[in-house]
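Asker: here's my sequence, what's the structure:
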Amino acid sequence: MSGAQTGAPPSAAPGSTFEALRGQLHRAATAFADGPGALEGLLLGMVDDVDRAVREPLEIFPVCHHSPASAVAMARRLREKRPTVVYLELCEDMAPLLTELRNCRLPVAVQAFASEVRDFPAEWSPLSVVAPITEASAEYQAIAYALDTPGVELVLVDRSSDHVFQWDRRGDDPGGPAAGPQGAAAPPAGEEAALHGEAVGVEIGDLRPRFAELEEHLLHHGRVRHWSEWWHQYVELPLGDGDHDTYRQVMLLIGSLFRRLAPGDPRRMRVDEDRERYMWTRIREHLSATGTDPADCLYVCGAFHAVSRVAEFGVAGADTYEIGPRTATTWQHGLIPSSHAAIEAQFGLAPGSVSIAATTWAKNLRRTRVEPYRLAGQAGAAKPRAKRAPAPPAPPAEKPAEDRLSGFLRQPPVLDHLDEAELLGWSVDIVRAARRNGYLASTADAIAVFETSILLAGMRDRARPTPYDFQDAAITCIEKDAVPGRRDVRRLVEIMMGGDRIGQVGYDALPPLARDVHDRLAPLGLPLEKRGVRRALLDLASRPELAACSDVLWMLRRLMPHGAARPIMGERRLGGTSIQESWDVALGTHQRALIELGYEGVSIEQVLEQRLRRAAWDAQARTATVLAAVEDAVLHLRSRRLADELGTRALEVLSAERSVDGAPEVLRRVRGLLAYYRTGEPVLPPWIESFVRTGYAHYCTQLPTAFADEDATVGQVAAMLGFLFSMESLALSLGCDRAQLELAVAQCHPRDPSKTALLWAAQVQLGTLSRQELRERCDALLADPMVVPAYPRYLSGFVHALEPVPALADVVVEAVSNAFARLPDPVLLPWLPGLITTLRSTAAELAPLLIREAGRIFPGRLAALDAWVPPWRERPGTAPVAPGRAGGPRGSALLRAHRATGDAVAELLSWEGAWEPALREPPGAALVARHPVTATALEALLSGG
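Answerer: Residues are numbered from 1 along each chain as shown. Presented below is the predicted three-dimensional model:
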């Protein structure tokens with residue numbers, strides 16, 4: 001298990017501090033293992049690791065992440081030692097951000113972010129590394145001491161964010177950063193738990209058994225459920241009142257135990273050892289460059305790394321490690337809000353454990369009277385009390401460390417006496433909270449929770465119930481079969497113990513883009529920096545200056561996650577403006593997304609333009625995607641230059657496409673852009689004219705294939721025909737040939753009933769099929785019992801045909817009506833649900849046109865329905881003669897009856913003439929009689945043929 005670690009521990013020095021402990025462990029190994037062997041080597045090796053770390057000239061301070069005991073011990077040691085240099089295990093490129101912590105309310109996370117990657121796999125983008133910081137942590141105490149104490153230097157010595165992903169890529173797992181040494185196991189579901197997003201978490205002091213059997217053994221014999229509870233019971237509480245030497249030696253011993261019992265994972269162990277080589281190399285470089293005495297320094301790192309066995313360990317270690325260069329990836333750094341739930345989800349801690357740690361931290365401070373360090377001006381930090389015990393003066397010289405492990409390991413566990421007042425307060429508070437959340441809890445439940453907590457603690461060999469015992473008792477006594485509200489009892493206990501505290505990044509610590517957004521939305525007069533939803537009302541008619549706020553909100557809606565800026569009233573569409581708008585704004589809740597937006601540019605306009613260009617020039621971009629980018633450029637940026645550039649790109653993508661998947665969206669967006677430019681511009685942009693001309697030829701070429709392709713839906717084919725028919729006049733004016741469309745339709749031979757009906761509609765539009773012939777075909781379908789089951793699919797095709805041929809609405813209404821009139825009930829009733837389902841699933845957006853046409857044809861009153869005769873039944877068998885054809889041109893009689901109008905027009909046009917007599921023959925006969933040469937030539941041509 002320890003064979004993966006390089007380097008051998010030095011032999012115990014004569015007269016070592018832990019000689020007595022070695023003798024005791026040797027005797028214990030002989031007694032329990034029937035003689036010295038592997039167990040003795042393990043136990044003595046752990047003592048050697050502790051001895052080696054204690055004898056190091058540079059004091060090593062081992063910590064565990066988010067541990068109240070580590071934070072109290074750190075604050076106490078800093079006031080005793082007063083080091084001039086603090087080396088901290090944190091990514092070295094995050095150092096410039098630490099001064100901004102005073103502008104934030106903890107917890108927050110220091111983030112390194114890269115949206116565009118170089119020298120990394122493209123699928124890893126974006127890269128993100130976060131290091132959460134809470135007040136109840138040793139790292140915050142070290143940071144606050146170093147930044148607010150004159151003459152103290154803080155040096156971050158851990159690998160850079162770039163190296164985090166470089167070393168992850170060396171592993172055998174190709175899964176990406178999420179499979180890295182400290183990646184998140186799974187994205188949390190809750191909003192507060194998802195504050196870190198998909199970032200890779202780095203923590204100071206990852207101290208947890210890597211040997212699954214060891215952790216299972218500890219949990220079983222400790223009678224606890226999860227690791228956080230075991231650590232709280234058997235490490236936090238015993239070390240809460242311990243002195244510096246005891247704390248330090250116990251943490252080193254735990255780190256050595258977990259390190260030596262780590263399973264043989266060569267990849268993870270290699271990363272750990274490289275991190276230790278990296279940190280010690282940086283420390284020696286700084287000591288050499290500044291000439292600082294190691295005795296005046298303090299090295300804060302995780303207990304696992306404090307007992308490293310690499311050759312580079314210590315200020316006198318080997319200088320054989322060479323730090324590799326960073327990649328060409330550009331990293332942005334900032335602070336993002338964090339929360340207790342996000343930290344727990346990121347690092348696999350038990351729910352509520354960080355909140356309990358914060359409560360324990362406050363209790364330890366009151367009990368030990370240690371004055372913690374807080375950054376000056378820290379937002380949300382409790383103000384120090386006026387009366388404090390004076391800090392002990394710094395000792396004149398460091399005394400050699402004494403053996404505190406022997407006494408600590410021999411002494412029986414100290415039983416913490418029951419604090420009845422505290423437990424009774426918890427019981428009353430949880431019952432009160434349960435009643436507010438819908439539980440039928442009473443005073444009897446409070447008594448039951450109190451007694452059950454004591455009972456559970458006794459069963460688990462504890463004199464004083466822990467918060468975890470109390471939580472189990474509350475769930476047992478209060479929560480019944482169902483949860484009446486949103487929160488269960490477990491969540492109520494977590495809230496009562498301190499709740500899920502959510503941090504906030506202050507205005508001064510925000511990136512320029514985020515500050516610019518807050519400044520531009522300031523006229524709204526809303527506290528947008530706070531969490532929660534704020535309602536913004538914009539009366540653009542009476543306050544035109546709010547139009548700039550409206551522009552910002554629409555761009556935020558386009559760039560940020562759903563819910564950050566949500567319009568309640570008002571819309572932004574091409575050619576339309578809103579008089580009033582109402583918004584739900586939650587920038588404080590989505591502060592992380594706004595901060596990460598600031599990594600991409602200095603203004604939201606710049607970020608939006610970059611994203612539109614990136615989407616348009618993406619290798620997987622479709623025509624509809626690029627047209628959407630054009631529409632966004634017009635709506636939000638009002639940039640004609642960018643719109644023309646993106647439109648030219650849409651033309652290129654359309655020419656290269658070989659499928660019709662996006663035809664419906666292409667049709668919808670092109671129609672909208674054409675309508676906008678026709679009403680707002682004197683001439684159409686050149687790119688859209690080229691797009692219509694190219695699209696006409698493109699869809700004509702693809703039409704026969706789309707009709708025959710089973711993967712192409714009827715809606716997609718209808719959209720193609722809609723493009724061809726609706727853009728036909730413009731395309732013909734730009735030089736296209738209508739014969740190309742006629743040939744394409746003639747080559748279509750569909751097999752699907754819906755596409756067949758769609759083809760018939762296209763033929764009617766082109767004039768190759770009359771409406772009477774179409775009606776006859778529909779009648780033939782209803783008369784064929786083999787086709788009747790497929791008739792709804794024909795109707796689906798006819799309904800989709802309303803997109804390219806809206807004039808067929810009356811024919812579709814007639815077809816549906818004939819089906820209801822002619823089909824018998826045994827056929828009609830089983831078919832009716834299928835018809836409704838077909839219309840709803842495939843043509844929901846076209847149904848209003850069909851319903852409107854039916855309302856025009858059918859009678860408006862129920863009484864008139866019995867005597868009503870459908871108009872298609874009134875048609876005679878022969879084609880009707882158009883009125884006016886038998887007695888001359890239409891309107892001739894009216895014109896002759898009112899000659900004054902014609903005389904006035906003739907006088908206006910300076911025309912001198914007289915009225916001709918009424919025609920007694922068809923108007924074409926006189927023309928043929930006047931010019932007989934044409935008829936003679938036609939006769940000769942026909943006779944010659």
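
Asker: ok, and the closest non-adjacent residue to Gly352?
Answerer: Nearest non-adjacent residue to Gly352, counting by C-beta to C-beta, 6 or more residues apart in numbering: Glu494, 3.9 Å away. C-betas here are computed from N, CA, C, even on glycine.

Asker: do the same with Ala457
Answerer: In space, and not counting its chain neighbours, Ala457 is closest to Pro465: 4.0 Å by C-beta to C-beta, 6+ apart.

Asker: ok, Thr648 next?
Answerer: Distance criterion C-beta to C-beta, 6+ apart; nearest residue to Thr648, sequence neighbours excluded, is Trp687 at 5.0 Å.

Asker: likewise Ala112?
Answerer: Nearest non-adjacent residue to Ala112, counting by C-beta to C-beta, 6+ apart: Ser161, 3.6 Å away.

Asker: I'd assumed Val130 was in contact with the one you found.
Answerer: No - judged on C-beta atoms under 8 Å, Ser161 makes no contact with Val130 at a distance of 9.8 Å.

Asker: if we can go back for a sec, the residue nearest to Ala112: neighbour count?
Answerer: 28 (other C-beta atoms under 10 Å).

Asker: separation between it and Ala633?
Answerer: Distance, Ser161 to Ala633, by C-beta to C-beta, to the nearest Å: 34 Å.

Asker: can you check Trp868 too?
Answerer: As judged by C-beta to C-beta, Trp868 and Ala633 stand 53 Å apart.

Asker: looking at the two, which is more packed in?
Answerer: Ala633 (24 against 12).

Asker: so who does that one touch?
Answerer: Applying C-beta atoms under 8 Å, 6 or more residues apart in numbering to Ala633 gives the contacts Glu609, Leu612, Ser639, Leu642, Ala643, Leu646.

Asker: what average pLDDT does the strand or helix carrying the residue nearest to Thr648 get?
Answerer: Element membership for Trp687 (DSSP states H and E) is helix 686-708. Across helix 686-708, pLDDT averages out at 92.

Asker: then stretch 367-384?
Answerer: Averaged across stretch 367-384, pLDDT comes to 76.

Asker: now do stretch 728-743
Answerer: The average pLDDT within stretch 728-743 is 90.

Asker: in it, what counts as buried?
Answerer: The neighbour-count check on stretch 728-743 (16 or more other C-beta atoms under 10 Å) flags Glu728, Leu730, Ala731, Cys736, Gln740, Leu741 as buried.

Asker: the fifth one: what's it in contact with?
Answerer: With contacts defined as C-beta under 8 Å, 6+ apart, the neighbours of Gln740 are Tyr696, Ala697, Cys700.

Asker: just the fourth one next, same as before
Answerer: When contacts are counted by C-beta under 8 Å, 6+ apart, Cys736 is found next to Arg693, Tyr696, Ala697.

Asker: in which helix or strand does Gly526 reside?
Answerer: Small correction: residue 526 is Leu, not Gly. Assigned by DSSP H and E, Leu526 belongs to no helix or strand.

Asker: list phi and psi for Ser128.
Answerer: Dihedral pair for Ser128: phi -150, psi 130, per degrees, to the nearest 10.

Asker: quick one: neighbours of it, just the number.
Answerer: 24.

Asker: coming back round to it: would you check how far apart the residue nearest to Ala112 and Leu766 are?
Answerer: Counting by C-beta to C-beta, the gap from Ser161 to Leu766 is 63 Å.

Asker: what's whichever strand or helix holds Val905 in contact with?
Answerer: Using DSSP H and E, Val905 sits in helix 899-908. Residues from elsewhere that reach helix 899-908 (C-beta under 8 Å, 6+ apart): Leu895, Glu912, Gly913, Trp915.

Asker: greatest separation within those residues: which pair is it?
Answerer: Largest separation among the contacts of helix 899-908 by C-beta to C-beta: Leu895 and Glu912, giving 18.4 Å.

Asker: tell me where the chain has strands.
Answerer: Secondary structure of the chain (DSSP state E): strands located at 59-63, 85-91, 104-105, 108-114, 127-133, 153-158, 200-201, 297-302, 332-337, 504-505, 534-539, 565-569, 580-585.

Asker: count of residues packed around the closest residue to Ser770 other than its chain neighbours?
Answerer: Once flanking residues are discounted, Ser770 sits nearest to Val764: 7.3 Å by C-beta to C-beta, 6+ apart. Each residue near Val764 was counted by other C-beta under 10 Å, and the total is 19.

Asker: kindly report the same for Pro121.
Answerer: Neighbourhood size, Pro121 [other C-beta under 10 Å]: 12.

Asker: separation between it and Arg268?
Answerer: Distance of Pro121 to Arg268, computed by C-beta to C-beta: 20 Å.

Asker: same check on Ala847?
Answerer: In this view, Ala847 and Arg268 are 60 Å apart by C-beta to C-beta.

Asker: and these two? Which one has more around it.
Answerer: The neighbour comparison of Ala847 against Arg268 (other C-beta under 10 Å) goes to Arg268, with 17 against 13.

Asker: thinking again about what came up before, how far off centre is the helix holding Val905?
Answerer: Relative to its chain's centre, helix 899-908 lies at 73 Å (C-alpha atoms, centre = their mean, to the nearest Å).

Asker: now do that helix, average pLDDT.
Answerer: Helix 899-908 shows a mean pLDDT of 82.

Asker: in it, what's buried?
Answerer: Within helix 899-908, no residue qualifies as buried by neighbour count (16+ other C-beta under 10 Å).

Asker: got it, and stretch 561-580?
Answerer: For stretch 561-580, burial by neighbour count (16+ other C-beta under 10 Å) applies to Ala564, Ala565, Pro567, Gly570, Arg572, Leu574, Ser578.

Asker: wait, which of these is closest to Ala940?
Answerer: When the buried residues of stretch 561-580 are compared for distance to Ala940 (C-beta to C-beta), Leu574 wins out at 59.4 Å.

Asker: give the contact list for that closest one.
Answerer: Glu631, Val634, Leu635, Gly672, Leu673, Ala675, Tyr676 are the contacts of Leu574 under C-beta under 8 Å, 6+ apart.

Asker: circling back: so which of the contacts of helix 899-908 belong to helices?
Answerer: Using DSSP state H, the subset of the contacts of helix 899-908 located in helices is Leu895.

Asker: which residues in the stretch 451-600 of the chain form helices?
Answerer: Using DSSP state H, counting those that start in this stretch, the helices of the stretch 451-600 of the chain run over residues 467-478, 489-496, 512-520, 547-559, 591-598.

Asker: now the stretch 701-850 of the chain
Answerer: Secondary structure of the stretch 701-850 of the chain by DSSP H, counting those that start in this stretch: the helices cover 714-726, 728-733, 738-746, 753-766, 771-783, 791-801, 809-822, 825-842, 847-857.

Asker: now do the last one: everything it contacts.
Answerer: Yep, that's helix 847-857 we're talking about. Val799, Leu802, Pro806, Ala809, Asp810, Val812, Val813, Val816, Leu839, Arg840, Pro870, Pro871.

Asker: does the second one touch Ala809 like I think?
Answerer: Yes - in this structure, Leu802 is within contact of Ala809 by C-beta under 8 Å, at 6.0 Å.

Asker: any idea how far apart the tips of stretch 123-141 sit?
Answerer: 38 Å (C-alpha to C-alpha, to the nearest Å).

Asker: now stretch 776-789
Answerer: Terminal-residue distance, stretch 776-789 (C-alpha to C-alpha): 19 Å.

Asker: how about it: buried residues?
Answerer: Cys778, Leu781, Leu782, Val788.

Asker: in this protein, which residue is most central in space?
Answerer: Pro561 (6.5 Å; C-alpha atoms, centre = their mean).

Asker: please determine how far the nearest residue to Gly797 once chain neighbours are set aside is located from Glu776.
Answerer: Once flanking residues are discounted, Gly797 sits nearest to Ala757: 3.0 Å by C-beta to C-beta, 6+ apart. From Ala757 across to Glu776, the span is 14 Å (C-beta to C-beta).

Asker: low pLDDT regions in the stretch 701-850 of the chain?
Answerer: Counting by pLDDT under 70, the ranges of the stretch 701-850 of the chain that qualify are 838-839, 841-844.
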